[in-house]
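Engineer: Fold the following.
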Amino acid sequence: MFVDGTKLEANANRYTFVWKKAVEKNLKKLTAKIEAQLPVIAERYGMVSCVTIEDAYEALVSHAEMTGLEFVHGSGKRKTQLPKDIELLGGFLAKKEEYLGHLGKMKHRNSYSKTDTDATFMRMKDDYMRNGQLKPGYNIQIGVESEYIVTCGAFSNCTDVQTLIPFLERFHSHTERRMEQIIADAGYESSENYQYLEEHGQKSFIKPTNYEISKTRAYKADKYSIEHMQYDDESDCFICENGEILRFCREEIKTTANGYKTRIRIYRNETCAGCPHLGKCHKRKRGFDRVKYIV
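Structural biologist: All right, here's what the predicted structure looks like:
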């Protein structure tokens, strides 16, 4: 089966975007305001200092109902401290619920459209004026076998690499079949996809992301890339062009949106001061990292 995808614009307003980074930033600011105002309000009404904003708001509203407090609005109306505090906490709670609602709709995505919550803002192909824009859309995946479309699907992920596994699982659940060979372009290459296909007995024919670059003379002559650096298996270290030793310093684990964990081993040297290859190898003046991925 040949797998490929394209991005199609959704029937949604282009200017109803909600960005995850902006929501997280505003939520962080709101949390700081709550942490600053809540102890003051709790002390003012004799509540426990560790009370939550929800409990404090309910306590103030109950106190206002018991005392028969009337809320006034408009110019010329003087508010007492209690209705001011109730409105303040109520505004905090409304904003907090709004931000958490945005994050709940986005989940692992970085954005979504208010008029089509399943659509994600993606970089579409350039139009006839060569203007590339971020528009709400879907990543449409199509599987072809013997020149026939055998399956298709619409995904909210911007990149193809995260759509291959759910795309193949959907095909298997509908047909109870697993293709022997999967052919795809470089956009689908990842250790997660390779391991999935190997575990299910499927051969992968996926173009490497650096395939075109690896054929160039500049890449073959680059002695500073990690692929061309000498590695000592016994000492578990890399040796750069200047003879400096990059020793293993730490290991990191990154988890993808599908829950796949990748181990990353990081090798580092002590210093690059006085190295004649400093400008060609990297731009840092102190030490630098070389990363080696291990599944």
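Engineer: And for Phe238, nearest residue in space, chain neighbours not counted?
Structural biologist: Leu246 (4.1 Å; CB to CB, 6 or more residues apart in numbering). No exception for glycine: its C-beta is placed from N, CA and C like everyone else's.
Engineer: how many neighbours does the one you found have?
Structural biologist: Neighbourhood size, Leu246 [other CB atoms under 10 Å]: 22.
Engineer: next one: the one 4 residues further on
Structural biologist: Using other CB under 10 Å, Arg250 is surrounded by 10 other residues.
Engineer: do you know how far it is from Arg268?
Structural biologist: To Arg268, Arg250 is 8 Å away according to CB to CB, to the nearest Å.
Engineer: Just the mean pLDDT for stretch 233-242, thanks.
Structural biologist: Across stretch 233-242, pLDDT averages out at 84.
Engineer: Distance from the chain centre to that stretch, please.
Structural biologist: Taking the mean of its C-alpha atoms, stretch 233-242 sits 33 Å from the chain's own mean (CA atoms, centre = their mean, to the nearest Å).
Engineer: for the stretch 151-295 of the chain, what spans make up the strands?
Structural biologist: Using DSSP state E, counting those that start in this stretch, the strands of the stretch 151-295 of the chain run over residues 181-184, 203-206, 230-232, 237-239, 245-255, 261-268, 289-294.
Engineer: Output those strands in TSV; the columns should cover distance to Tyr148.
Structural biologist: Shown next, in TSV, are the strands of the stretch 151-295 of the chain (distance: least, CB to CB, whole Å):
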stretch	distance to Tyr148
strand 181-184	15
strand 203-206	19
strand 230-232	46
strand 237-239	48
strand 245-255	37
strand 261-268	35
strand 289-294	37
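Engineer: So which of those is nearest Pro166?
Structural biologist: Across the strands of the stretch 151-295 of the chain, Pro166 has its closest neighbour in strand 181-184 (13.8 Å, CB to CB).
Engineer: can you list contacts of the closest one?
Structural biologist: With CB atoms under 8 Å, 6 or more residues apart in numbering as the contact definition, strand 181-184 has outside contacts at 1-4, 160, 164, 168, 197, 202-207.
Engineer: Done for today, thanks.
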